[in-house]
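Novice: How does the following fold in three dimensions:
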Amino acid sequence: MGKPTGFLEFARVSPNKISPDERVDNFNEFVKPFEPEVLNQQAARCMNCGVPFCHSGCPLGNIIPEFNDAVYRQSWEEAYEILISTNNFPEFTGRICPAPCESACVLGINQPPVNIEEIEKHIIEIAFEKGYVKPKSPVLRSGKKVAVVGSGPAGLAAAAQLNQAGHTVTVYERDEKPGGLLRYGIPDFKLEKKIIDRRIAVMEEEGIIFKCNANVGVNVSINDLLRENAAIVLAGGSTVPRDLSIPGRDIQGIHFAMHFLKQQNKKVAGSDPFANAAIESNIFTDSISAKGKNVVVIGGGDTGSDCVGTSNRQGAKSVTQFELLPKPPEGRTSLMPWPTYPMVLKTSSSHEEGCERQWAIATKEFIADEKGNLKAIKTIELEWTSEDGKPSKFIEKSGSEKIIPCELVLLAMGFVHPQKEGMIDELDVELDERGNVKASEREFKTNIAKIFACGDMRRGQSLVVWAISEGRECARKVDEFLVGESILESKDSRLLLM
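Specialist: Numbering: from 1, shown residues only. This is a model prediction of the structure:
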């Protein structure tokens, strides 16, 4: 490494942020870049460890020590080339990844780990600024056409890789712009949409075709896709939200988190939240606003946190977030040894902006006022028992019922499987026991010839970084299917060589 003693000399620091009071007035990103000297020091903390566990901690297998060394030496083009060799979209993961690589960092055994995610974001932003990010069209075309259904991170990654292999790729997106979850599920204060537009423009220059307002199985014929393409990649995501079937569920004022977030993202973009009613089969028509309301977010994950930040920006009177599980510890325990990903307490930037968090609590009933609108919820506390250090069973705590005033509930309890109506039903692809499209983890093939699946549609709800990894690995298998072998890199084969 450029400075072998850097981890002894420099402490981990995080970038400065605009204050919560100021940033809740808009939907802009608020994390400030490192000063050059600070960035240099943070890269210098990367150790010359014998086995870089960060490689395997990252679902993409990013070559982290090498790009940290290049950053320390301020060799920006080299750092960019190393990073982009394994990750098509570091501008996304550098903003929204929970950084499992940092959990596996060797330095993290007894110190705060290297700030890998921020370094990654700085590399790609500096690369765009310096003009290193240029369209790279393949020298030769194979003459094979591939359709990618879904333009979320998995679909984009599959499209990018297949295009580099020389195939002609068309991406079908049922909404008005590409990006999927990146554009419509993640708030702008975490990922401004100009970042997506910038990347899509590069991909279009490389020859990838994007067809939007194109809902396969609704206004795009599946038979046409099967006839016109040598292969089809299903990358539509896991989009059916988990519901809460309790008394009062039909009361006005209870909404799925993704409906709430998507509406706001469209408003920030200046587009009509209901513009796709004719072709988007799961369209929602209620306008949702947190302004002046007591908001309860049910679900303690990242989507719930995004609802908290969005509610505060809309002017909520109060925001409370419920989690069914007990409050996690603030640091690793003996049951969460390094280098495993620890289930510890996470306080997001949205929580910093104002939120009451409650753990081990269940919602029993939604309560309406005389007009049929939500006015309160009934809750009960839970007592959990553990097995192998993990919460396993709970009982309701007698006498702990409460009535909490509430005019808006946002259900952020995750997703159960992809939408079956339309494309999946028409294709009649086999599903697994969880309702996801069944395709092997090694081959990504479905039970139907020339149809592949990847991302959340195949593996279930997961991280953006896993979706990108799935898209890349799936593309390699499609390439092998089309031409017999692949020039695309395999993460598994690379890790074996390290």
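
Novice: The nearest residue to residue 168 once chain neighbours are set aside - how many residues pack around it?
Specialist: What sits nearest to residue 168 in space, not counting adjacent residues and going by CB to CB, 6 or more residues apart in numbering, is residue 145, at 4.8 Å. Every residue, glycine included, has its C-beta placed from N, CA and C. Using other CB atoms under 10 Å, the number of residues around residue 145 comes to 17.

Novice: Enumerate every residue touching residue 145.
Specialist: Contacts for residue 145 were tallied using CB atoms under 8 Å, 6 or more residues apart in numbering; they are 167, 168, 169, 170, 228, 229, 230.

Novice: likewise residue 138?
Specialist: 163, 164, 165, 166, 207 are the contacts of residue 138 under CB under 8 Å, 6+ apart.

Novice: biggest separation within those, which pair?
Specialist: 165 and 207 (11.7 Å; CB to CB).

Novice: In terms of neighbours, single out the busier of these two.
Specialist: Comparing residue 165 with residue 207 by neighbour count (other CB under 10 Å), the higher total belongs to residue 165, at 24 against 17.

Novice: I'd say that one and residue 485 touch.
Specialist: No: checked against CB atoms under 8 Å, the pair residue 165 and residue 485 is beyond contact range at 10.5 Å.

Novice: Which neighbours do the two have in common?
Specialist: In contact with both residue 165 and residue 485: residue 479, using CB under 8 Å, 6+ apart.

Novice: mind listing what's buried in the longest strand anywhere in the chain?
Specialist: Looking across the chain with DSSP state E, the single longest strand is strand 374-387. Residues of strand 374-387 classed as buried under the neighbour-count rule (16 or more other CB atoms under 10 Å) are 374, 375, 376, 377, 378, 379, 380, 381, 382.

Novice: with those residues in mind, which one is nearest to residue 104?
Specialist: Nearest to residue 104 among those, with distances taken as CB to CB, is residue 382, at 32.0 Å.

Novice: Tell me the pLDDT of that closest one.
Specialist: pLDDT for residue 382: 96.

Novice: Can you name every helix or strand that the longest strand of the chain contacts?
Specialist: Packing partners of strand 374-387 (3 or more CB pairs under 8 Å, 6 or more residues apart in numbering; DSSP states H and E): strand 361-368, strand 390-396, strand 402-405, strand 408-411.

Novice: what sits against residue 181?
Specialist: Contacts of residue 181 (CB under 8 Å, 6+ apart): 152, 153, 237, 464.

Novice: I'd like to know which of these are part of strands.
Specialist: Among the contacts of residue 181, no member lies in strands (by DSSP E).

Novice: From the residues you listed, list just the buried residues.
Specialist: 152, 153, 237, 464.

Novice: Mind putting these into CSV with distance to residue 355?
Specialist: Shown next, in CSV, are these (distance: CB to CB, whole Å):
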residue, distance to residue 355
152, 27
153, 27
237, 27
464, 23
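
Novice: Could you identify the most distant pair in those residues?
Specialist: For those, and using CB to CB, no pair is farther apart than 237 and 464, which are 10.8 Å apart.

Novice: who touches stretch 46-55?
Specialist: With CB under 8 Å, 6+ apart as the test, stretch 46-55 has contacts from 1, 4, 6-7, 61-65, 68-69, 72, 101-102, 104-107, 114, 116, 339, 495, 498.

Novice: Buried subset of those, written for ChimeraX?
Specialist: Selection of buried members from the contacts of stretch 46-55 for ChimeraX, criterion 16+ other CB under 10 Å:
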select :1,6,7,61,62,63,64,65,68,69,72,101,102,104,105,106,107,114,116,339
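
Novice: Just the contacts of stretch 46-55: which are in helices?
Specialist: In helices, defined here by DSSP state H, the members of these are 6, 7, 64, 65, 68, 69, 72, 101, 102, 116, 495.

Novice: Thought residue 65 was touching the first one, still the case?
Specialist: If I follow you right, that is residue 6. No: between residue 6 and residue 65 there is no contact under CB under 8 Å: 11.8 Å.

Novice: Among the contacts of residue 138, which one lies nearest to residue 86?
Specialist: residue 164 (13.4 Å).

Novice: separation between the residue nearest to the closest one when sequence neighbours are not counted and residue 96?
Specialist: Excluding the flanking residues, the one nearest residue 164 by CB to CB, 6+ apart is residue 138, at 5.9 Å. Distance, residue 138 to residue 96, using CB to CB, to the nearest Å: 29 Å.

Novice: Next: residue 176.
Specialist: 22 Å.

Novice: need the contact list for the residue found closest to residue 251 once you drop the neighbours it is linked to in the chain.
Specialist: Nearest in space to residue 251, with sequence neighbours left out and distances taken as CB to CB, 6+ apart, is residue 368 at 4.5 Å. Taking CB under 8 Å, 6+ apart as the criterion, residue 368 is in contact with 248, 251, 252, 374, 375.

Novice: And the strands in the stretch 1-150 of the chain, which stretches?
Specialist: 145-149 (DSSP state E, counting those that start in this stretch).

Novice: how about residue 139, phi and psi?
Specialist: For residue 139, the backbone dihedrals are phi -70, psi -40 (criterion: degrees, to the nearest 10).

Novice: Where does pLDDT dip in the stretch 201-350 of the chain?
Specialist: 276-285 (pLDDT under 70).

Novice: tell me the strands in it, going along the chain?
Specialist: Counting by DSSP E, counting those that start in this stretch, the strands of the stretch 201-350 of the chain are 209-211, 231-234, 240-241, 254-256, 294-298, 318-323.

Novice: Return the most buried member of those.
Specialist: strand 231-234 (a mean of 28; mean count of other CB atoms under 10 Å).

Novice: Given it, what are its sheet partners and their directions?
Specialist: strand 145-149 (parallel), strand 451-453 (parallel) (DSSP bridges).

Novice: Let's check: the centremost residue of this structure is which one?
Specialist: residue 464 (3.3 Å; CA atoms, centre = their mean).

Novice: what's the distance between that residue and residue 97?
Specialist: 6 Å.

Novice: from what I can see residue 157 touches residue 475, true?
Specialist: Yes: counting by CB under 8 Å, residue 157 touches residue 475, with 7.2 Å between them.

Novice: And those two? Which one has more around it.
Specialist: residue 475 (32 against 29).

Novice: rewinding a little: closest one of the contacts of residue 181 to residue 81?
Specialist: After measuring the contacts of residue 181 against residue 81 - CB to CB - the closest member comes out as residue 153, at 21.3 Å.

Novice: Give me the pLDDT for residue 72.
Specialist: 97.

Novice: In contact with it, which residues are there?
Specialist: Residue 72 neighbours (CB under 8 Å, 6+ apart): 1, 2, 3, 6, 40, 43, 44, 46.

Novice: same thing but at 7 Å, please
Specialist: 2, 3, 40, 43, 44 (CB atoms under 7 Å, 6 or more residues apart in numbering).

Novice: and if you look at residue 187?
Specialist: 27, 261, 264, 265, 306, 309, 310.

Novice: how about a cut-off of 6 Å?
Specialist: 306, 310 (CB atoms under 6 Å, 6 or more residues apart in numbering).

Novice: separation between it and residue 307?
Specialist: Relative to residue 307, and taking CB to CB, residue 187 is found at 9 Å.

Novice: residue with max distance from the center of this protein?
Specialist: residue 370 (40.0 Å).

Novice: and the gap between that residue and residue 251?
Specialist: 12 Å.

Novice: what's the answer for residue 399, then?
Specialist: 26 Å.

Novice: before we move on, what about residue 220?
Specialist: Taking CB to CB, one finds residue 220 at 37 Å from residue 251.
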